[in-house]
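Participant: Would you be able to build a 3D model of this:
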Amino acid sequence: MNDSPSTQSKPSGRRQWPDYASVWRWHFYAGVFCIPFVIVLSISGTIYLYRPQIEAWQERHYDQLPVDGRSPISLMRQVESAVASVDGGRFVLAERPHAFDDSDPTTSATRVIVDRGGDRLRIFVHPIDGSVLGTVEEDQRFVRVVRRIHGELLLGKRGSYLVELAASWTIVMVLTGLVLWLPRKFQLAGVVYPRWNAKGKSFWKDIHSVGGLWASGLIVFLVATGLPWSLFWGDYFKSIRKVTGTTHASSHWDNGSPKGEHANHEEKRPARSGSPPWRSPIPDPSTFHLSQIDRVAPFAQSLNWLPPITLAPPSNGGSIWTIKSETANRPHQQTLRYDAESQEPVGVETFADRHWVDRVVGQGIALHEGQRFGLANQLIASAVTGMLLILSVTGIVLWWRRRDSFGLSPPASISRHGRITDRISRGRCIGLGLAVIGLTIYLPLFGLSLVVVLLLDGLVFTRFTPLAIWLGRRCAAVGP
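Facilitator: Now for the predicted structure:
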């Protein structure tokens, strides 16, 4: 960061604002709050990027089942076997990770999601003989735990708010870091690329500032595409869409508009994108016939959609089942509603049928999860999370090297030689100010937190001497 004080400035009793030290202090305080969260979210996010590979490895024993020339039993019997293995179990949905292929000597277990008093169980059923091979609680699966850490720090709603605040202030760190990075004179070394022969503070500073420069755009993109998961921003975004009339788009209906019984079975999307299928409402088993699933399954297999394919029973009774491709690559997800009585599809929705806002959000989430274009997407996203870790570590090292024996040791407002630090150019000041105003509109929770911080700084932090000294808002008294 270009934070060194100008040697040309003259002492003055009046301090000019904003100066580099002011921006540096905001950068520092944002880092104090964000870095612990950034480290946790970067590690958990990196793990979650490789969810398909992790799940495939964990469930490998269920995906190489010998067939021995036998044909699978009906899907209804497989579901009945799964439900019977759970006391008080209720069928939620069935999932086939791969299509059954007669030429393949092995097959994959059918996954049946069963509700047990509010807990969702994933039951692995052998499709040949219907035996139950294993059971695991959905919430206790490794990737689900990692996802909850990444999305809510295992703290529920409060954790989601903390994650959103950390994401918001991470953007502030990036913006203030860019202002500090902007060189006051043209040079390449230490600005565009690090000085590899530098030692001590200069080396760590170059890694921190130059690395932050090259990663800044991707970091902001990664943060922005993760916001649809958050509770506060998700509800805020939903409200904005209602006001602007961008909530819904028409689905493509194969047989015209749905009528009668079918009219009550329109696709209901969650308020926040990405609600997993196993959280679907629990259908009342008395309102549908499970035998209908054997009429739905062959049609689902004929679609040749990207797996896994889920089959969910009617949520409000009747005969309309939901077939869905739950592939991790969201632009390839599709949903079809199938009438098991007439054995005809009554409605289908592809990614292209969704509102353009939903398509943009879906593309962003797929990129955020590393699933949009395969391994390359995962590696690029991993590089960004890795750079976040490097920036966090180098920031801690830089602070550790200049810290005092007491307090947080934030950047001093005046240099040790008593010179006023350089003032930021008018253009940079306006740009930073507009960016912050834009953030308060785009991220209302950040705006609220900014107001709280400013009030605390003006009314609390400076009024209590020990706290003010510890926070670096006031200098400790020195002896004669």
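
Participant: Could you point out which residue ranges in the protein have low pLDDT?
Facilitator: Within the chain, the segments meeting pLDDT under 70 span 1-18, 99-103, 184-186, 248-281, 405-407, 412-424, 473-480.

Participant: ok, which stretches of it are strands?
Facilitator: 65-66, 90-96, 106-107, 110-116, 119-125, 132-137, 309-312, 320-325, 335-339, 344-349 (DSSP state E).

Participant: which helices and strands does the third one pack with?
Facilitator: In terms of contact count using 3 or more CB pairs under 8 Å, 6 or more residues apart in numbering; DSSP states H and E, strand 106-107 is assigned the packing partners strand 65-66. (C-beta placed from N, C-alpha, C; glycine too.)

Participant: who touches the strand it packs on?
Facilitator: With contact meaning CB atoms under 8 Å, 6 or more residues apart in numbering, strand 65-66 is reached by 105, 106, 107, 108, 109, 126, 127, 128, 133.

Participant: Residue 68 is in contact with the second one, correct?
Facilitator: No: counting by CB atoms under 8 Å, residue 68 is not a contact partner of residue 106; they are 9.9 Å apart.

Participant: okay, now the domains of this structure?
Facilitator: Domain segmentation of the chain under automatic domain parsing yields 20-49+162-231+374-471, 63-146, 239-368.

Participant: could I get those as JSON lines with mean neighbour count?
Facilitator: Formatted as JSON lines, the domains of the chain follow (neighbours: other CB atoms under 10 Å):
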{"stretch": "domain 20-49+162-231+374-471", "mean neighbour count": "17"}
{"stretch": "domain 63-146", "mean neighbour count": "17"}
{"stretch": "domain 239-368", "mean neighbour count": "16"}
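
Participant: who wins for proximity to residue 154 among those domains?
Facilitator: Residue 154 lies closest to domain 63-146 among those, at 7.9 Å (CB to CB).

Participant: Now the terminal residues of that closest one, how far apart.
Facilitator: Using CA to CA, to the nearest Å, one end of domain 63-146 lies 23 Å from the other.

Participant: just how off-centre is that domain within its chain?
Facilitator: The chain centre lies 28 Å from the centre of domain 63-146; the measure is CA atoms, centre = their mean, to the nearest Å.

Participant: Please apply the same query to stretch 289-301.
Facilitator: Centroid separation for stretch 289-301 versus its chain: 34 Å, with CA atoms, centre = their mean.

Participant: With stretch 196-206 instead?
Facilitator: On CA atoms, centre = their mean, the centre of stretch 196-206 falls 33 Å from the chain's centre.

Participant: what does it rub up against?
Facilitator: 1, 190, 194, 195, 394, 397, 398, 401, 402.

Participant: my read: the third one touches residue 212, true?
Facilitator: What that stands for is residue 194. No: using CB under 8 Å, residue 194 is not in contact with residue 212; the gap is 11.2 Å.

Participant: Residue 411 contacts residue 26, correct?
Facilitator: No: the pair residue 411 / residue 26 is not scored as a contact, 9.6 Å apart, by CB under 8 Å.

Participant: Can you name the residues bridging to residue 93?
Facilitator: As for beta bridges, residue 93 partners with residue 113 under DSSP bridges.

Participant: Among the contacts of stretch 196-206, which one sits closest to residue 182?
Facilitator: residue 1 (9.9 Å).

Participant: can you map out the helices along the chain?
Facilitator: Ranges of helices in the chain, per DSSP state H, are 20-49, 51-58, 75-84, 142-152, 157-181, 201-226, 231-244, 293-302, 356-368, 374-402, 426-442, 444-456, 465-471.

Participant: So which of those is nearest residue 282?
Facilitator: Closest to residue 282 of these, according to CB to CB: helix 75-84, at 12.1 Å.

Participant: residues contacting the residue nearest the centre of the chain?
Facilitator: In the chain, the C-alpha nearest the mean C-alpha coordinate belongs to residue 226, at 3.6 Å (CA atoms, centre = their mean). Contact analysis of residue 226 by CB under 8 Å, 6+ apart lists 167, 368.

Participant: Quick check: the gap between it and residue 151.
Facilitator: Distance from residue 226 to residue 151, counting by CB to CB, to the nearest Å: 9 Å.

Participant: go on, residue 284?
Facilitator: Per CB to CB, residue 284 is found 30 Å from residue 151.

Participant: Could you do residue 239 as well?
Facilitator: Distance of residue 239 to residue 151, given as CB to CB: 21 Å.

Participant: Would you mind giving the domains of the chain as a markdown table with distance to residue 57 added?
Facilitator: Converted to a markdown table, the domains of the chain look like this (distance: least, CB to CB, whole Å):
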| stretch | distance to residue 57 |
| --- | --- |
| domain 20-49+162-231+374-471 | 13 |
| domain 63-146 | 10 |
| domain 239-368 | 15 |
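
Participant: Tell me which of those domains lies nearest to residue 156.
Facilitator: Short answer: domain 20-49+162-231+374-471, nearest of those by CB to CB, at 9.3 Å.

Participant: Tell me the span between the first and last residue of the closest one.
Facilitator: OK, domain 20-49+162-231+374-471 end separation, CA to CA: 18 Å.

Participant: quick one: it to chain centroid distance?
Facilitator: Going by CA atoms, centre = their mean, the spacing between the C-alpha centre of domain 20-49+162-231+374-471 and its chain's C-alpha centre is 20 Å.

Participant: Kindly report the same for stretch 55-70.
Facilitator: Here stretch 55-70 is found 31 Å from its chain centre; the criterion is CA atoms, centre = their mean.

Participant: how close does the residue lying closest to residue 52 once chain neighbours are set aside sit to residue 237?
Facilitator: Closest residue in space to residue 52, ignoring its immediate chain neighbours: residue 328 at 5.9 Å, by CB to CB, 6 or more residues apart in numbering. For residue 328, the distance to residue 237 (CB to CB) stands at 22 Å.

Participant: Equivalent analysis for residue 323, please.
Facilitator: According to CB to CB, residue 323 and residue 237 sit 28 Å apart.

Participant: Not counting sequence-adjacent ones, nearest residue to residue 170?
Facilitator: residue 34 (5.2 Å).

Participant: show me what contacts the one you found?
Facilitator: 166, 169, 170, 173.

Participant: wouldn't residue 182 be in contact with residue 427 here?
Facilitator: No: using CB under 8 Å as the test, residue 182 is too far from residue 427 to be in contact (9.9 Å).

Participant: Turn the strands of the chain into JSON lines, columns for distance to residue 380.
Facilitator: Output for the strands of the chain, formatted as JSON lines (distance: least, CB to CB, whole Å):
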{"stretch": "strand 65-66", "distance to residue 380": "35"}
{"stretch": "strand 90-96", "distance to residue 380": "29"}
{"stretch": "strand 106-107", "distance to residue 380": "34"}
{"stretch": "strand 110-116", "distance to residue 380": "30"}
{"stretch": "strand 119-125", "distance to residue 380": "31"}
{"stretch": "strand 132-137", "distance to residue 380": "31"}
{"stretch": "strand 309-312", "distance to residue 380": "29"}
{"stretch": "strand 320-325", "distance to residue 380": "25"}
{"stretch": "strand 335-339", "distance to residue 380": "29"}
{"stretch": "strand 344-349", "distance to residue 380": "29"}
